[in-house]
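Chemist: quick one, fold the following:
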Amino acid sequence: MVAFAALGERDQLDIKIVQTRTWPMVSLLLEDVRHVTVGKGPDIESSFIDEIILTPLLRTARTWPAGADGLVTRLDGLPDLYWLRLVGPTTITAISAIMTISTSLA
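Modeler: Residues are numbered from 1 along each chain as shown. Here you go, the predicted structure:
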């Protein structure tokens with residue numbers, strides 16, 4: 001199950017992948033968010049994740065992967081970015097400059 005909230009002065013997106021009996025809770029904190037989309041599935045509160053895709057978007061790369069160029073405009077001074085996609089009945093796509101991943105058993 002996924003819970004998320006957009007907050008803070010640094011344009012933060014906090015995504016919690018909720019704990020199960022066999023897996024700890026995973027928190028994905030994205031800061032300096034440049035793009036967010038949520039494709040709402042049938043019930044966002046009880047959605048599960050089929051796939052997690054994390055792609056670095058390096059500022060020095062000549063080209064970015066297909067689909068990324070349309071999400072963020074490449075400008076001089078743009079930092080390296082992280083392109084996160086959570087795919088399931090609800091799909092979350094986000095691009096940010098800072099990403100912190102942590103786990104918790106509580």
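
Chemist: quick one: mean pLDDT for stretch 71-87?
Modeler: The average pLDDT within stretch 71-87 is 91.

Chemist: what about that stretch, how long is it end to end?
Modeler: This stretch, stretch 71-87, spans 17 Å end to end (Cα to Cα, to the nearest Å).

Chemist: low-confidence ranges in the chain?
Modeler: Residues of the chain meeting the criterion pLDDT under 70: 1-8, 19, 41-47, 105-106.

Chemist: and with 50 instead?
Modeler: 1 (pLDDT under 50).

Chemist: now the strands: where do they sit in it?
Modeler: 2-7, 12-17, 25-39, 51-57, 81-87, 91-104 (DSSP state E).

Chemist: C-alpha coordinates for the longest one, PDB please?
Modeler: Listed next in PDB are the C-alpha coordinates belonging to strand 25-39 (Å, rounded to 0.1, in the frame of the first residue of the first chain):
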ATOM      1  CA  MET A  25       8.000   0.000   5.600                       C
ATOM      2  CA  VAL A  26      10.000   1.900   3.000                       C
ATOM      3  CA  SER A  27      10.000   5.700   2.900                       C
ATOM      4  CA  LEU A  28      11.000   7.500  -0.300                       C
ATOM      5  CA  LEU A  29      11.600  11.200   0.400                       C
ATOM      6  CA  LEU A  30      12.000  13.300  -2.700                       C
ATOM      7  CA  GLU A  31      13.200  16.900  -2.300                       C
ATOM      8  CA  ASP A  32      13.500  19.700  -4.900                       C
ATOM      9  CA  VAL A  33      10.700  18.000  -6.800                       C
ATOM     10  CA  ARG A  34      10.500  19.100 -10.500                       C
ATOM     11  CA  HIS A  35       7.600  16.900 -11.700                       C
ATOM     12  CA  VAL A  36       4.800  14.800 -10.100                       C
ATOM     13  CA  THR A  37       1.900  13.000 -11.600                       C
ATOM     14  CA  VAL A  38      -0.500  10.600 -10.000                       C
ATOM     15  CA  GLY A  39      -2.600   8.300 -12.300                       C
END
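
Chemist: helices and strands around that strand, which ones?
Modeler: strand 2-7, strand 12-17, strand 81-87, strand 91-104 (3 or more Cβ pairs under 8 Å, 6 or more residues apart in numbering; DSSP states H and E). All C-beta atoms are positioned from the backbone trio N, CA, C, and that covers glycine.
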